[in-house]
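> structure, please.
(one chain, ligands or ions: 1)
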Amino acid sequence: MEGRHPDLRIRFRPGYVEVVQADVVFPNRRALITGATGLLGRAVYREFKDNNWHVVGCGYSRARPRFEYLNLLDTSAVKEFVCEFKPHVIVHCAAERRPDIVENHPDSATRLNVEASANLAKEAAAAGAFLIYISSDYVFDGSNPPYREDSVPNPLNLYGKTKLEGERVVLQNCDNAAVLRVPVLYGDVEKLEESAVTILFDKVQFSNKSANMDHWQQRFPTYVKDVANVCFQLSEKKMQESSLIKGIYHWSGNEQMTKYEIACAMADAFNLPSSHLRQITDEPVGATPRPWNPQLDCSKLEELGIGQRTPFRVGIRDSLWPFLVEKKSRQTVFH
Ligand SMILES: NC(=O)c1ccc[n+]([C@@H]2O[C@H](COP(=O)([O-])OP(=O)(O)OC[C@H]3O[C@@H](n4cnc5c(N)ncnc54)[C@H](OP(=O)(O)O)[C@@H]3O)[C@@H](O)[C@H]2O)c1
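Here you go, the predicted structure:
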């Protein structure tokens with residue numbers, strides 16, 4: 001990769017000497033990741049770190065000990081943090097992303113998704129940083145897919161509305177910002193409930209109980225490592241040719257599945273039975289409204305040569321093997 005630091009270091013071991021690549025970072029590549037304790041933020045933090053950027057991750061309730069504590073609602077703390085670190089890039093992953101929680105706590109969700117995003121955008125602009133605001137396919141109503149970046153948004157629920165308003169205030173307050181809309185995410189989880197995809201896994205693996213699965217809403221499960229790589233590629237391109245990257249972008253996996261089909265694909269990935277899974281084809285009633293098919297057209301990024309797609313069965317196997325009950329019980333027996 002262009003600019004990789006050539007430093008080598010000598011490591012002394014009993015009986016031999018080893019010459020290794022020094023653990024160095026680019027002094028002119030500083031990235032700040034908000035929401036670094038969350039599902040996507042962890043992957044974004046890792047991606048920049050693995051590519052030798054000087055990266056600082058911030059979290060809130062889970063910040064310590066690995067990350068920096070930063071309450072994004074505290075405007076003076078955010079100002080101080082950005083002024084001190086002077087990031088070249090900020091990837092803003094922190095948000096309240098659970099639609100049902102947003103419906104029930106509209107004020108606090110708006111403060112985080114909209115007001116804190118506007119404030120961060122102002123600080124990014126003052127520091128001359130490139131800001132990537134992570135948004136959602138829920139800004140669309142899902143009735144007329146696929147959606148391009150310039151398609152007219154029409155969010156059906158409050159979560160989608162706060163994300164759309166977050167986009168608007170970020171672009172208004174920071175000329176140097178990009179919005180990256182993504183669909184439902186999965187990846188390495190701390191617990192299965194952390195993603196709307198991985199939460200299905202226990203219903204898949206406990207095959208002695210039949211399980212109803214939504215077979216109405218169309219989804220495009222997307223691996224957080226792929227989104228992290230897109231954020232990284234966008235940032236590198238921005239550093240090389242600043243005027244090329246701005247405005248709204250879409251990234252998405254390309255395997256269209258309902259929750260029922262996601263569950264069957266998980267079963268397939270782990271060689272588990274799926275005959276206990278039952279399709280529910282009716283539109284869910286009484287729940288927070290969700291778009292039927294908010295498929296994102298990703299050709300704008302593809303034309304820039306940016307993108308990465310991991311096949312779902314590969315990504316989900318890598319993410320879920322620690323949660324496989326059969327493996328855990330085998331480990332208990334043999335170790
Ligand atoms: N997950 C999905 O399926 C999905 C789909 C489409 C778009 N998105 C978007 O992708 C982004 C990342 O989502 P995610 O799933 O990674 O979210 P997540 O796992 O729920 O993480 C949320 C993050 O926000 C942080 N946070 C909450 N309140 C904060 C505050 N007051 N100050 C600072 N940080 C605060 C949390 O920190 P602590 O945990 O340390 O408190 C956590 O790191 C969001 O913008 C979301 O809207 C997600």
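> for the stretch 201-335 of the chain, which segments count as strands?
All strands of the stretch 201-335 of the chain, identified by DSSP state E, counting those that start in this stretch, fall at 211-214, 222-223, 247-250, 277-280.
> pipe these into TSV and attach mean pLDDT, distance to the ligand and mean neighbour count per row.
The way it works is simple: take the backbone N, C-alpha and C, and place the C-beta from them, glycine included. As requested, those are exported to TSV (pLDDT from 0 to 100; distance: least, CB to the nearest ligand atom, whole Å; neighbours: other CB atoms under 10 Å):
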stretch	mean pLDDT	distance to the ligand	mean neighbour count
strand 211-214	96	15	17
strand 222-223	98	8	26
strand 247-250	98	11	20
strand 277-280	96	21	16
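> okay, those strands in JSON lines with distance to residue 316 next?
Compiled in JSON lines, the strands of the stretch 201-335 of the chain are given as follows (distance: least, CB to CB, whole Å):
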{"stretch": "strand 211-214", "distance to residue 316": "15"}
{"stretch": "strand 222-223", "distance to residue 316": "8"}
{"stretch": "strand 247-250", "distance to residue 316": "22"}
{"stretch": "strand 277-280", "distance to residue 316": "15"}
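> nearest to residue 302, of the ones you listed?
Nearest to residue 302 among these is strand 247-250; the distance by CB to CB comes to 9.8 Å.
> contacting residues around the residue in the chain positioned nearest to the ligand?
Here the chain gets closest to the ligand at one residue, residue 38, 2.2 Å apart by CB to the nearest ligand atom. Residues in contact with residue 38 (CB atoms under 8 Å, 6 or more residues apart in numbering) are 59, 93, 94.
> ok, the residues you listed vs residue 231, which is closest?
Of all the contacts of residue 38, residue 231 sits closest to residue 93, with 8.8 Å by CB to CB.
> give me the distance between the closest residue to that closest one other than its chain neighbours and residue 290.
Counting by CB to CB, 6 or more residues apart in numbering, residue 93 lies nearest to residue 35, which is 3.4 Å off, once chain neighbours are set aside. Note on residue 35: its distance to residue 290, by CB to CB, to the nearest Å, is 22 Å.
> more neighbours, those two?
Shown here are residue 35 and residue 290; by other CB atoms under 10 Å, residue 35 has more neighbours (25 against 20).
> wait, doesn't that one sit right on residue 97?
No. Look at residue 35 against residue 97 with CB atoms under 8 Å: they stay out of range, at 9.2 Å.
> circling back: counting neighbours, which of the contacts of residue 38 comes out on top?
In terms of neighbours by other CB under 10 Å, the contacts of residue 38 top out with residue 93 at 28 neighbours.
> would you list every one of the helices in this protein?
Ranges of helices in the chain, per DSSP state H, are 39-50, 75-85, 99-104, 106-110, 116-127, 158-173, 201-205, 224-240, 259-269, 299-303, 312-320, 325-334.
> okay, now the unreliable bits of the stretch 51-200 of the chain?
The stretch 51-200 of the chain contains no residues with pLDDT under 70.
> tell me which parts of it are close to the ligand?
59-63, 70-73, 93-95, 97, 112, 134, 136, 163, 182-185, 195-196 (CB under 6 Å from any ligand atom).
> off-centre distance for stretch 244-262?
Mean C-alpha position of stretch 244-262 versus that of the full chain (CA atoms, centre = their mean, to the nearest Å) differs by 11 Å.
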